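*Asks:* here you go, sequence then predicted model.
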Amino acid sequence: MAIPTLAVWKLTSCDGCQLTLLDCEDELLALADVVHISHFTEASSAAEPGPYDLSIVEGSVTTPDEVERIRRIRAQSRVLMVVGACATAGGIQALRNFADVEEFRSVVYAQPQHIATLATSTPVSAHVKVDYELHGCPIDRGQLLEVISAFLMGRKPDLPNTTVCADCK
């Protein structure tokens, strides 16, 4: 039986959710024994072509290039998991959805004509089918490890169906 392949992708984001995965140091070492990490730019410059058994995507879709990239990633991925507020809801970048992007671009950039951007920041699910979503900014490392473990064991992940607010009195 072939070892499953894992790819980690970044769209428009701060990298915080990828860093959460990297912070799982001991668990990540154990994971390396049971899954082949084919693409993870934050961790290695080595990148292998797909297909991938599991792709983890961080970030929102904010440029025309990202629309095409997420479609290519989805086409190469048996299971697609999106992680973090950016990938699941558009993130802080979605503030642009309520303003004039052209005005922002002209004020922020010295040569705005070189900036290719969409008028809105959207979650990945607005463009492709998503199999799992982990919410948060950044994501909860325990939930991330649960989904990866469940995937490797071929079972449904055991994730809470409430927000963290339910934990407080």
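*Replies:* Yes, it's here.

*Asks:* report pLDDT for Lys169.
*Replies:* As summarised for this prediction, Lys169 has a pLDDT of 67.

*Asks:* if you could redo that for Thr163, that was the one I meant.
*Replies:* In this prediction Thr163 is given a pLDDT of 68.

*Asks:* again with Glu133
*Replies:* With respect to pLDDT, Glu133 scores 94.

*Asks:* that one and Cys86 touch, don't they?
*Replies:* No - under the criterion of CB atoms under 8 Å, Glu133 is not in contact with Cys86, lying 11.6 Å apart. Any C-beta I mention is one placed from the backbone N, CA and C, and that applies to glycine too.

*Asks:* more neighbours, these two?
*Replies:* Neighbours per residue (other CB atoms under 10 Å) separate Glu133 from Cys86, with Cys86 holding more: 30 against 19.

*Asks:* wait, a strand at the more buried one?
*Replies:* No - the assignment for Cys86 (DSSP: H, G, I helix; E, B strand; the rest coil) gives helix, which keeps it out of a strand.

*Asks:* next SSE downstream of the lowest-mean-pLDDT helix or strand in the chain?
*Replies:* Taking mean pLDDT, DSSP states H and E as the measure, the helix or strand of the chain with the lowest value is helix 25-32, at a mean of 79. Counting by DSSP states H and E, the element after helix 25-32 in chain order, helix or strand, is strand 36-40.

*Asks:* centre of the chain to that following strand, how far?
*Replies:* 14 Å (CA atoms, centre = their mean, to the nearest Å).

*Asks:* same deal with stretch 31-49?
*Replies:* The gap between where stretch 31-49 is centred and where its chain is centred comes out at 15 Å by CA atoms, centre = their mean.
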